[in-house]
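Visitor: got a predicted model here, sequence first, then my questions.
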Amino acid sequence: MCTASFAQNFDKAKLDSYFNALDTNDKFMGSVAVIKNGKIIYTKAVGYADLENKIKSDVNTKYRIGSITKTFTAVLILKAVEENKIKTDEKLSRYYPEIKNADKITIEDMLYHRSGIHSFTDDADYFSWNILPKTKEELVSIISKGESEFEPGSKFSYSNANYILLSFILQDVYKKPFAELLKEKIITPCGLSKTRYGGVINIKNNECYSYTYDSSRWVKESETDMSIPMGAGGIVSTPTDLTKFVEALVSRKIISENSMERMTTLKERFGMGIFPIPFDTLKGWGHTGAIDGFSSMYVYFPKESVTFALISNGNNYDNNSIAIIVLSAVFNKPYDIPELRTYKVTSEKLDQYLGVYASKDLPLKLTFTKEGETLSVQATGQSQLPLEARDKDEFAFDRAGIILEFNTDKNMVVLKQGGGVFTFFKE
């Protein structure tokens with residue numbers, strides 16, 4: 001029995017003010033949408049599609065959605081099963097025998113990320129060539145050179161290569177490009193007018209560039225060549241279209257009831273192109289995505305018939321925190337809009353925080369350095385993170401929900417993240 005209530009007339013003005021504050025404080029550029037029982041109940045877009053030319057985004061602006069593409073690909077595979085083009089128990093060796101362990105890997109293994117196929121997007125050199133076009137043959141060759149990471153079917157390990165290969169298999173069995181199949185089987189039947197397989201970003205088509213935040217400014221990201229991500233991450237869409245896609249999917253307008261049950265059946269907490277995403281006591285499923293500077297997520301709550309989607313082309317905040325605020329409003333949960341304050345600090349003032357700090361609770365150290373008036377922290381084995389001053393002795397890295405509070409008298413700093421509180425002392 002679901003105990004959550006749905007706020008039919010929630011305070012949209014309050015949500016608008018929240019997104020406007022994120023925009024004003026350079027925390028978020030992007031768009032969100034919520035659909036209830038097939039009807040859009042909230043949309044909002046902030047930021048720029050093209051910052052250099054001051055072209056603002058709107059609710060129809062199109063974004064690269066990254067790995068949310070995998071949901072579409074899984075649906076296409078299940079559609080192909082229904083049309084007797086593919087069997088989920090057939091082996092990869094039927095299509096690409098050059099992949100290691102192809103004679104043991106099934107289509108189902110790939111859908112569930114249980115193939116053991118190495119994900120080349122994790123390789124250190126990937127970002128040295130991802131902006132260059134690749135042919136199908138080149139990508140298959142790259143994947144085939146990777147070593148098998150485990151016995152197929154034995155465990156879960158997320159790999160983009162699985163869904164790239166699945167999109168190639170779809171092309172093979174239908175004798176059509178993946179983009180054409182996507183349009184024929186999903187986009188046209190569902191009326192997704194703002195969705196397509198991506199290409200070079202075209203601002204004139206109301207698409208947007210992506211940006212990362214570097215200390216005090218947005219920096220334009222490079223573009224992955226869309227010949228590479230294929231069915232693992234190549235789709236362009238909007239939050240509204242994503243909610244419409246999910247509505248069509250769960251209404252059985254694309255695949256059958258049986259196929260939907262298969263898709264949402266979990267193995268090690270992962271379905272076919274979906275995984276569980278809870279909110280409070282509510283149970284939902286969906287997917288997240290990231291490509292270049294874009295980040296995305298959608299979640300569908302079956303009992304409540306609510307779908308939420310978010311896509312960002314510039315994020316200096318935690319998407320999960322944004323999602324919690326929106327869903328709290330929609331489901332009539334109490335919430336406070338955080339104060340996005342800034343605090344002016346001089347380079348000299350930062351000197352008191354510099355150094356290496358260790359904790360008895362965590363097996364890592366925090367190293368604090370500065371560049372000009374920006375304090376940065378680097379945890380053992382991790383990337384350096386630029387921090388923003390929030391108050392006297394308080395700094396934050398909003399993209400990961402990190403708060404750091406210094407007590408210089410005790411030579412200590414308290415790290416707060418995800419409900420955890422950890423104390424570090426200066427060495």
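Guide: Sure, I can see it.

Visitor: from here on, contacts and neighbour counts on C-alpha atoms
Guide: Fine.

Visitor: show me where this protein has helices.
Guide: When secondary structure is read from DSSP state H, the chain shows helices at 12-24, 69-82, 107-111, 136-145, 160-174, 178-182, 188-190, 230-233, 239-250, 257-264, 319-330, 347-350.

Visitor: now do the buried residues in the last one.
Guide: Taking 16 or more other Cα atoms under 10 Å as the neighbour-count basis, helix 347-350 is seen to contain the buried residues Leu350.

Visitor: tell me the contacts of the closest residue to Gly199 other than its chain neighbours?
Guide: In space, and not counting its chain neighbours, Gly199 is closest to Met226: 5.6 Å by Cα to Cα, 6 or more residues apart in numbering. Taking Cα atoms under 8 Å, 6 or more residues apart in numbering as the contact definition, Met226 lies against Pro133, Gly198, Gly199, Val200, Gly234.

Visitor: before we move on, the earlier item: need the helices of the chain in CSV with distance to Gly420, can you?
Guide: Shown next, in CSV, are the helices of the chain (distance: least, Cα to Cα, whole Å):
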stretch, distance to Gly420
helix 12-24, 24
helix 69-82, 32
helix 107-111, 34
helix 136-145, 39
helix 160-174, 31
helix 178-182, 43
helix 188-190, 43
helix 230-233, 32
helix 239-250, 31
helix 257-264, 31
helix 319-330, 15
helix 347-350, 25
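
Visitor: buried deepest among these, which one?
Guide: Across those, the average number of neighbours (mean count of other Cα atoms under 10 Å) peaks for helix 230-233, which reaches a mean of 28.

Visitor: output it as PDB, nothing but the C-alphas.
Guide: Output for helix 230-233, consisting of C-alpha atoms alone and laid out as PDB, is shown next (Å, rounded to 0.1, in the frame of the first residue of the first chain):
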ATOM      1  CA  MET A 230      25.800   4.200 -30.700                       C
ATOM      2  CA  GLY A 231      23.200   2.400 -28.700                       C
ATOM      3  CA  ALA A 232      25.200   3.000 -25.500                       C
ATOM      4  CA  GLY A 233      24.900   6.800 -25.500                       C
END
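
Visitor: check contacts around Asp23.
Guide: Asp23 makes contact with Met29, Val46, Gly47, according to Cα under 8 Å, 6+ apart.

Visitor: filter those residues to the buried ones?
Guide: Listed as buried from those are Met29, Val46, Gly47; burial here means 16+ other Cα under 10 Å.

Visitor: can you flag which of the residues you listed belong to strands?
Guide: When strands are assigned by DSSP state E, the members of those inside them are Met29, Val46.

Visitor: adding distance to Glu138 and pLDDT, write the buried ones among the contacts of Asp23 out as a markdown table.
Guide: As requested, those are arranged in a markdown table below (distance: Cα to Cα, whole Å; pLDDT from 0 to 100):
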| residue | distance to Glu138 | pLDDT |
| --- | --- | --- |
| Met29 | 35 | 97 |
| Val46 | 39 | 98 |
| Gly47 | 37 | 97 |
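
Visitor: before we move on, the earlier item: between the contacts of Asp23, which sits nearest Asn319?
Guide: For the contacts of Asp23, the minimum distance to Asn319 (Cα to Cα) is 11.0 Å, reached by Met29.

Visitor: tell me the bridge partners for His397.
Guide: Heads up, residue 397 is Phe, not His. Going by DSSP bridges, Phe397 is paired in beta bridges with Ile402.

Visitor: distance of it relative to Ile40?
Guide: Using Cα to Cα, to the nearest Å, one obtains 33 Å as the distance from Phe397 to Ile40.

Visitor: neighbour count: these two, which is higher?
Guide: With other Cα atoms under 10 Å as the criterion, Phe397 and Ile40 differ in neighbour count, and Phe397 comes out ahead with 21 against 16.

Visitor: wait, what's in contact with the more buried one?
Guide: Applying Cα under 8 Å, 6+ apart, one finds that Phe397 lies in contact with Tyr317, Leu385, Pro386, Leu387, Glu388, Ile403.

Visitor: now it: how far from Lys365?
Guide: In this structure, Phe397 lies at 17 Å from Lys365, with Cα to Cα as the measure.

Visitor: pLDDT score for Ser148?
Guide: In the predicted model, Ser148 carries a pLDDT score of 96.

Visitor: phi, psi of it?
Guide: phi -60, psi 130 (degrees, to the nearest 10).

Visitor: am I right that Glu247 is in contact with Gly38?
Guide: Yes: at 6.3 Å, Glu247 counts as touching Gly38 under the criterion of Cα atoms under 8 Å.

Visitor: what's the burial count for Cys208?
Guide: Other residues lying near Cys208 total 25 when counted by other Cα under 10 Å.
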